[in-house]
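Q: Turn this into a structure:
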Amino acid sequence: MQKIIVTQNEAGQRLDKLLAKHLKLAPKSFFYKMLRKKNIKLNGRKAEGSEKLNIGDEIVLYLSDDTIEKFSDRGGKLDWKRASSAKADLDIVYEDEHILLLNKPAGMLSQKAKPQDLSLNEYMTAYLLQSGALTEEELTHFHPSICNRLDRNTSGLVAAGKTLPALQELSEMFRERTMGKYYLTVVKGRVDAEQYIKGYLWKDTATNKVTVWETEPKDDKGEAQPIETGYRPLAVGDGCTLLEVHLITGRTHQIRAHLASVGHPVAGDKKYGNSRFNEEYRKKYGIQEQVLHAWRIEFPECGNALKGLSKRTAFAPIPEKFHRICEGEHLAWEHGTAED
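A: You can find the predicted model right below:
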């Protein structure tokens, strides 16, 4: 027998949907058969499966432990244990009962690319388990998750929902572009004035590389996505510029490809960058990957699960490689480093 008490992460969904999350390997017909036979009850009564759940509802599975184990998917458990053993120190910028803001280091995946990968998601889950914020039982039907992805070698702010309401609200904010997302980067060439550029981006899935056009392509490339990028110089050096980039739309490799398309490739970018410029920065500063950092997020007025961040600005600490380059290239600028 197993008892499930509905929490805020399960409330609002149908009973049969929740059962499918608890017993992922069971066919739907199994749930309905058990409901008809009263082997699964809701609040002590027979249920049909279509009932909407409320916080505090009690679901009892009158099933053997062997049956529950047989239909449960425990595969994720190994990932959390591996992540715990790896002991990656999470750089937590902000945390409350609903959300996490994390400073992802360059070199770490945001999400899995292959089954054997460990990503920020797994490390975050391991942290929440260790801190007691979530239990393994809760993780059978709800997975906390990051809401914005950064390329492996891009560092900076990643927002994650610890609860379902927060996950839904954060995802809507990113989708509706109601928050401001700003990056730091060092690019080739002089940029003397603030710019706003638009274009169209097309992704070649075979090579995981994108192409940018100023106007919408009318050929066999398929559907291209409109992109918008703003940027302003913070400091100008000899043949390089420190930029703050406003990511207005959020497409694959958008900042790197869009800046390269207007003659200002990102330092260290092997995919879209300038090889001679990259080699110079490798020799001078040991740069091995793109110099791109998701620096700050400006939150709009918000309530409910995100009220703790309403109209606030969060900053991710600036990586050491930026300081090395700024000092070496005489890119002097004033900046804030803490959350407002």
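Q: Relative to Arg190, how far out is the residue nearest to Asp238 when sequence neighbours are not counted?
A: Nearest non-adjacent residue to Asp238, counting by CB to CB, 6 or more residues apart in numbering: Glu329, 6.9 Å away. The way it works is simple: take the backbone N, C-alpha and C, and place the C-beta from them, glycine included. Plainly put, Glu329 is 12 Å away from Arg190 if you go by CB to CB, to the nearest Å.
Q: more crowded one of those two?
A: Just comparing Glu329 and Arg190: by other CB atoms under 10 Å the higher neighbour count belongs to Glu329, 21 against 13.
Q: now the helices: where do they sit in the stretch 101-250 of the chain?
A: Here the stretch 101-250 of the chain has its helices, by DSSP state H, counting those that start in this stretch, at 120-131, 164-176.
Q: pLDDT-wise, which helix or strand of this protein ranks last?
A: Ranked by mean pLDDT, DSSP states H and E, the weakest helix or strand in the chain is helix 75-86, scoring a mean of 66.
Q: Contacts for the helix or strand following that one next, please.
A: Per DSSP states H and E, the first helix or strand lying C-terminal to helix 75-86 is strand 92-95. The contact list for strand 92-95 (CB atoms under 8 Å, 6 or more residues apart in numbering) reads Leu100, Leu101, Leu102, Asn103, Leu157, Leu309, Ala314, Phe315, Ala316, Glu339.
Q: Name only those of those residues that count as buried.
A: Leu100, Leu101, Leu102, Asn103, Leu157, Leu309, Ala314, Phe315, Ala316 (16 or more other CB atoms under 10 Å).
Q: Can you check what pLDDT the model gives the nearest residue to the first one once chain neighbours are set aside?
A: Spelled out, that is Leu100. Residue nearest to Leu100 in three dimensions, not counting chain neighbours: Ala160, with 4.5 Å by CB to CB, 6+ apart. The model reports Ala160 with a pLDDT of 95.
Q: my guess is Ala160 contacts Lys104, does it?
A: No: Ala160 lies out of contact with Lys104 (CB atoms under 8 Å); the separation is 10.3 Å.
Q: circling back: okay, the helices of the stretch 101-250 of the chain, which one's buried deepest?
A: Most buried of those, by mean neighbour count (mean count of other CB atoms under 10 Å): helix 120-131, with a mean of 20.
Q: what helices or strands is that one leaning on?
A: Other helices and strands packing on helix 120-131, by 3 or more CB pairs under 8 Å, 6 or more residues apart in numbering; DSSP states H and E, are helix 75-86, strand 99-104, strand 145-146.
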